[in-house]
Structure formats: C-alpha cells, structure tokens
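Asker: need a structure here:
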Amino acid sequence: QVQLVESGGGSVQPGGSLRLSCTASGLTLDSRDISWFRQAPGKERERIACISRSREPPVYDDSVKGRFTISRDNAKNTVYVQMNTLKPDDTAVYYCAAGVYGCHGARIYTDWGQGTQVTVSS
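Answerer: Predicted structure coming up:
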C-alpha cells in the first residue's frame, strides 16, 4: 500500500522560512513526478511546484516562483519544498501528490498525502 506523508509545517512570521518534506512508503518517489499543492480556506487546491522524474526543470506557480524550491533526495526517498520569504497569503494546507504524466502533462495523480498546515502570521 502506497502512503505519502507530508511533514515540516507549522507557524512562522512573515518573511520566515519552512521546509516541507514528502516521504513515501510502498513507492519509490524518483519513479514519479511529484507535485506540491496547497489549499487555503475557501479556496480551490492549487499546484505550486512540480519536479518530474525526468531531467526537466522543475515547474513553479507564479505565486511562489523565486521564493520556493522543490528538490529530491532519492537516498531518503523524499521530496522537499523549501519555502522562503513566506507571506500571509501562503497560509494553507500543503499536500504532495505523485503522478506519471510529467509536470506539463495531464494532471492526474495516483497518490496523495494527508497534508500539513502552514500558517504565516505576525
């Protein structure tokens, strides 16, 4: 059984940083394209970053470009998103998801994590 688990969320002041982790059991993450999503209260879930299983460059939503960095550590079977210069608008539940159609392909995901809360507030 595949399980994705996010961790690293928490509360931080504006301008601060957090690093979220997505680990997996029952699945080797480097065999999948891994995306990070977030969902704020009253808003739709949005994809913010994606790292493909090929050598394509990562993809970022404009709202996080230049502030967030997605990366893999295959030895740890983990995908990270480093979030810098956080803003109150970044407050949301963050999810990771695994797919096979590439970061520019069909947005169909085979597995999701349960989410981790990020709160940015002074």
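Asker: any idea which residue sits dead centre in this structure?
Answerer: Against the mean C-alpha coordinate of the chain, by CA atoms, centre = their mean, the closest residue is W36 at 2.4 Å.
Asker: Check what contacts the helix or strand bottoming out on mean pLDDT in the chain and list those residues.
Answerer: Least confident element among the helices and strands of the chain, by mean pLDDT, DSSP states H and E: strand 109-112 (a mean of 95). Contacts with strand 109-112, where a contact means CB atoms under 8 Å, 6 or more residues apart in numbering, come from 2-4, 24, 27, 32, 35, 95-100. Glycine gets a C-beta too; all of them are placed from N, C-alpha and C.
Asker: What strands flank it, and is each parallel or antiparallel?
Answerer: According to DSSP bridges, strand 109-112 has the following sheet partners: strand 92-99 (antiparallel).
Asker: ok, which stretches of this protein are strands?
Answerer: Assigned by DSSP state E, the chain shows strands spanning 3-7, 10-12, 18-25, 33-39, 46-51, 59-60, 68-73, 78-83, 92-99, 109-112, 116-120.
Asker: Let me see the mean pLDDT of the first one.
Answerer: Confidence over strand 3-7, taken as the mean pLDDT, stands at 97.
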